[in-house]
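Novice: return atomic coordinates for the entry below.
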Amino acid sequence: MRRVLRRLRGDAGMSTAEYAVGTLAAVGFAAVLLKVLTSAHVQAALGHLIDRALN
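Specialist: This next block holds a predicted model:
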C-alpha cells in the first residue's frame, strides 16, 4: 500500500506539466498560423480563391 501511495505522490504534478506544455504548443501554433494568415500573399490568394468561388 505504501508503494502505491508513494508512486501516486511522485507523479502528482505530471498531468499539470503536460497540460502546460500542450497549452504552450497550441499558443505557439496559433501565433504562427495567425502570422501566416495575415500575410499579404496569403490574403491575396484567399481573396482570389473566394472571388473565383463566387463567380
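Novice: and for this structure, the residue most distant from the center?
Specialist: Distance to the chain centre peaks in the chain at Met1, reaching 39.1 Å (criterion: CA atoms, centre = their mean).
Novice: so, low pLDDT: which residues of the chain?
Specialist: 5-14 (pLDDT under 70).
Novice: could you pull out the helices in it for me?
Specialist: 2-10, 14-37, 40-54 (DSSP state H).
Novice: who touches the residue nearest the centre of the chain in this structure?
Specialist: Geometric centre of the chain, nearest residue: Ala26, 1.7 Å, by CA atoms, centre = their mean. By CB atoms under 8 Å, 6 or more residues apart in numbering, Ala26 lies in contact with nothing. Quick note: C-beta positions are derived from backbone N, CA and C, even for glycine.
Novice: change the start of the numbering to 37 and stick with it
Specialist: From this message on, residue numbering opens at 37, which makes the last subject Ala62.
Novice: measure Leu82 to Leu90 for me?
Specialist: Distance from Leu82 to Leu90, counting by CB to CB, to the nearest Å: 13 Å.
Novice: okay, those two: which has more neighbours?
Specialist: Leu82 (11 against 6; other CB atoms under 10 Å).
Novice: the residue nearest to the more buried one when sequence neighbours are not counted: neighbour count?
Specialist: Once flanking residues are discounted, Leu82 sits nearest to Leu73: 8.0 Å by CB to CB, 6 or more residues apart in numbering. Using other CB under 10 Å, Leu73 is surrounded by 10 other residues.
Novice: what do you get for Val68?
Specialist: When neighbours are defined as other CB under 10 Å, Val68 has 10 of them.
Novice: ok, Ala80 next?
Specialist: Neighbourhood size, Ala80 [other CB under 10 Å]: 10.
Novice: next one: Ala81
Specialist: 11.
Novice: cool, Arg88 as well?
Specialist: Arg88: 8 surrounding residues under other CB under 10 Å.
Novice: again, but for Gly83
Specialist: Gly83 has 10 nearby residues by other CB under 10 Å.
Novice: what of Thr74?
Specialist: By other CB under 10 Å, 9 other residues sit near Thr74.
Novice: ditto for the one 5 residues further on
Specialist: The number of residues packed near Gln79 is 11, by other CB under 10 Å.
Novice: thanks a lot, see you next time.
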